[in-house]
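# heads up, no residue letters with this:
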């Protein structure tokens, strides 16, 4: 399906100024030098896949915007001068602060840098309108395996799409009553600076063992560690956590997540958090507005839809378990991947008025060797710099018998 989903359009509103803008970023490290020819080949294959598309608006009222192929791309950036390995994360943060535009293009950007140790770092950034974390991983895996997914052709006419959407929303509204949310959401705070970030690798076997010892799962351990880092920053009382849940149908790369929420009390251990998370997964997924078909947002004027969906899914924390990375991402051609991280970043915050209720976001992905946690802090009072964030992470891991290797 090449029409935008409700979640796609939410990210589009945020890109256009209706909230916190988001991009997806994947980061790779190798211990040896990746040849530019290989990256140019990857660049070409990516441009032919689902990242090589843009949003096109319909002139028919009620018809959803659609994706169409786009040849507007940023060239590969791979300067010859190496950077210090200690500057890798700062380089990655800089690469994430790129102007990717899902409507006008380019919607994605590939860059790399030589490391003075002899290795290479690679960054791929794309608009969150185009895909979410798991869709991003699938698109890259296909590109690395040289099996590009061609953007889906447009089938249904705009008029037919408008009539079908109106019909679905009308059917969904029959007998439905609007209900107010009983959950109290955190108050949004303005964000004027780039996020403070950290990426840390933890031995995968040790991470799983720590979860098992706590009679829990690796995902619940992620929630507990994230809450622990937030508490070390000074956040008190119950913490509300948003958890993305993958609900995509088929192998689409478009945004396919819905949100559930978990409230963590100060005395909750990992097993208690696990029980709360299981309960939340059994509840209806969040929509906006509550109790009304979410697709009604796609029938509203942009400004009204952006206002109705503002802050949707935002809580004190966001914890996204992206899961095990596919085997295709273990190598860049003949080069073994020595590190792989995934995260959402927020470009252009210094030039726009943005606000969010989220203080800290944490993204997890893992391989057989390591679990990689990416922390993105948006509260400049509680997380004033990256060194402070790292200190909180190290202390939290140490209390759980774990050690991490920072990027």
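Sure thing, it's come through. Worth saying up front: this structure is predicted, and the values here are computed from it rather than measured. Numbering: from 1, shown residues only.
# which of the residues in stretch 389-401 are buried?
Under the neighbour-count criterion of 16 or more other C-beta atoms under 10 Å, stretch 389-401 has 389-390, 392-394, 396-397, 400 buried. Yep, even glycine has a C-beta here, placed from its N, CA and C like the rest.
# swap in stretch 336-353?
Buried-residue list, stretch 336-353, by 16+ other C-beta under 10 Å: 337-347, 349.
# Mind checking which of those residues are in strands?
Counting by DSSP state E, the buried residues of stretch 336-353 place 337-345 in strands.
# Turn the buried residues of stretch 336-353 into JSON lines, including distance to residue 270 and pLDDT.
Shown next, in JSON lines, are the buried residues of stretch 336-353 (distance: C-beta to C-beta, whole Å; pLDDT from 0 to 100):
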{"residue": "337", "distance to residue 270": "29", "pLDDT": "95"}
{"residue": "338", "distance to residue 270": "29", "pLDDT": "95"}
{"residue": "339", "distance to residue 270": "26", "pLDDT": "96"}
{"residue": "340", "distance to residue 270": "25", "pLDDT": "97"}
{"residue": "341", "distance to residue 270": "23", "pLDDT": "97"}
{"residue": "342", "distance to residue 270": "23", "pLDDT": "97"}
{"residue": "343", "distance to residue 270": "23", "pLDDT": "98"}
{"residue": "344", "distance to residue 270": "25", "pLDDT": "97"}
{"residue": "345", "distance to residue 270": "28", "pLDDT": "98"}
{"residue": "346", "distance to residue 270": "29", "pLDDT": "96"}
{"residue": "347", "distance to residue 270": "34", "pLDDT": "95"}
{"residue": "349", "distance to residue 270": "33", "pLDDT": "91"}
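# Any chance of the buried residues of stretch 389-401 in TSV with secondary structure and pLDDT as columns?
TSV is the format used below for the buried residues of stretch 389-401 (DSSP: H, G, I helix; E, B strand; the rest coil; pLDDT from 0 to 100):
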residue	secondary structure	pLDDT
389	helix	98
390	helix	98
392	helix	98
393	helix	98
394	helix	98
396	helix	98
397	helix	98
400	coil	97
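# got JSON lines for the residues you listed, with distance to residue 249 too?
JSON lines is the format used below for the buried residues of stretch 389-401 (distance: C-beta to C-beta, whole Å):
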{"residue": "389", "distance to residue 249": "37"}
{"residue": "390", "distance to residue 249": "39"}
{"residue": "392", "distance to residue 249": "39"}
{"residue": "393", "distance to residue 249": "36"}
{"residue": "394", "distance to residue 249": "41"}
{"residue": "396", "distance to residue 249": "37"}
{"residue": "397", "distance to residue 249": "37"}
{"residue": "400", "distance to residue 249": "37"}
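# Residue 313 and residue 294 touch, don't they?
No. Contact criterion C-beta atoms under 8 Å: residue 313 and residue 294 do not qualify, at 11.7 Å.
# What is the least confident helix or strand in the protein?
Sorted by mean pLDDT, DSSP states H and E, the helices and strands of the chain end with helix 302-309, the least confident at a mean of 86.
# Following that one in sequence, what is the next regular element?
Once the chain leaves helix 302-309, the next helix or strand it forms, by DSSP states H and E, is strand 317-324.
# Buried residues in that following strand, which are they?
317-323.
# could you point out which element follows that strand?
Later in the chain than strand 317-324, the nearest helix or strand by DSSP H and E is strand 331-332.
# how distant is that next one from the center of its chain?
Averaging C-alpha coordinates over strand 331-332 and over its chain gives two centres that are 22 Å apart (C-alpha atoms, centre = their mean, to the nearest Å).
# packing partners for that strand?
Strand 331-332 sits against no helix or strand, with contacts defined as 3 or more C-beta pairs under 8 Å, 6 or more residues apart in numbering; DSSP states H and E.
# 10 Å - rerun?
strand 23-30, helix 36-48 (3 or more C-beta pairs under 10 Å, 6 or more residues apart in numbering; DSSP states H and E).
# how about the nearest residue to residue 193, chain neighbours excluded?
If the residues on either side of it in the chain are set aside, residue 193 comes closest to residue 380, at 5.4 Å by C-beta to C-beta, 6 or more residues apart in numbering.
# what's the pLDDT at the one you found?
pLDDT for residue 380: 92.
# Same question for residue 276.
96.
# on that earlier part again, go through the helices and strands packed on strand 331-332 and name the closest to residue 234.
Residue 234 lies closest to strand 23-30 among the helices and strands packed on strand 331-332, at 27.6 Å (C-beta to C-beta).
# The closest one: how far from the chain's middle?
Its chain's average C-alpha position is 12 Å from that of strand 23-30, according to C-alpha atoms, centre = their mean.
# Next: stretch 336-343.
15 Å.
# One more: stretch 18-27?
7 Å.
# for stretch 324-339, same thing?
On C-alpha atoms, centre = their mean, the centre of stretch 324-339 falls 20 Å from that of its chain.
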